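1. quick one, what's the 3D model for this:
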Amino acid sequence: MDRRRKEEVVAELREKLAKAKSVVVTDYKGLKAPEIGELRKTLRDQGVDFRVIKNTLMRLASKDTDAAALDPLIEGTCAIAISYDDPVISAKLLRDFSRENEHLKIKGGFLQSQVLEAKDVIALADIPSREVLLGQLLGVLNGVPTSLVSVLSAVPRSMVTVLSAIKQKKEEQQ
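-> Numbering: from 1, shown residues only. Prediction:
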């Protein structure tokens, strides 16, 4: 790769890192080309960019950005997954793929200016999806008014029951 092409790659990667909500660094040593292709396709379908990049180019691209904190992870065979929309999706997909294929190892990551260790990326992958969390929130918000109505209606209901019992007792006495 000539110098001009390297500069283009660094500029493109720097732009992507600036827009990224999350970046996950992986070690892909031992993966075969078809497996990497399958992983790329899975990630691409979810809007995640997966790139195998030279370490020096990655260091140059991340220089003077928040992603510069990833430099200690950039050693050996590295590939990065960049997520632009959902910061959790790349961690979920990579974790799922690494369960099926032991050659893919998650080294760590970066989430909105915070560096994550491998265990943190896996914990991030365990978070339910946005839709599930919104559904749970709606359930909680819906439960509060329902409980309030039940509590408030219990007093008049009890009073009506007492009045009905008094009425029935008076009718029996006559």
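2. quick check, central residue of the protein?
-> residue 88 (1.5 Å; CA atoms, centre = their mean).
3. how near is it to residue 113?
-> For residue 88, the distance to residue 113 equals 16 Å [CB to CB, to the nearest Å]. Where C-beta positions appear, they are placed from N, C-alpha and C, glycine not excepted.
4. same deal with residue 51?
-> Distance, residue 51 to residue 113, by CB to CB: 21 Å.
5. confirm residue 31 sits in a helix?
-> No. Residue 31: not assigned to a helix; according to DSSP: H, G, I helix; E, B strand; the rest coil it is coil.
6. I'd guessed it sits against residue 102; true?
-> No. Using CB atoms under 8 Å, residue 31 is not in contact with residue 102; the gap is 10.0 Å.
7. give me the distance from the longest helix anywhere in the chain to the chain's centre.
-> When the chain is parsed with DSSP state H, its longest helix is helix 130-173. Averaging C-alpha positions (CA atoms, centre = their mean, to the nearest Å) puts helix 130-173 39 Å from its chain's average.
8. next one: stretch 76-91
-> Computed by CA atoms, centre = their mean, the chain-centroid distance of stretch 76-91 equals 10 Å.
9. quick one: end-to-end length of it, please.
-> One end of stretch 76-91 sits 20 Å from the other (CA to CA, to the nearest Å).
10. can you map out the helices along this structure?
-> Counting by DSSP H, residue ranges of the helices within the chain are 3-19, 33-45, 55-62, 89-100, 118-125, 130-173.
11. looking at those, which is nearest to residue 26?
-> helix 89-100 (6.2 Å; CB to CB).
12. avg pLDDT for the closest one?
-> Mean pLDDT, computed over helix 89-100, is 91.
13. quick one: list the elements packing against that helix.
-> Secondary-structure packing of helix 89-100 (3 or more CB pairs under 8 Å, 6 or more residues apart in numbering; DSSP states H and E): strand 22-27, helix 33-45, strand 48-52, strand 79-83, strand 105-111, helix 118-125.
14. now residue 79: how far from residue 144?
-> 46 Å.
15. and what of residue 166?
-> Distance from residue 166 to residue 144, counting by CB to CB: 35 Å.
16. equivalent analysis for residue 57, please.
-> As for residue 57, its distance to residue 144 is 53 Å (criterion: CB to CB).
17. of these two, which one has the most company?
-> residue 57 (17 against 9; other CB atoms under 10 Å).
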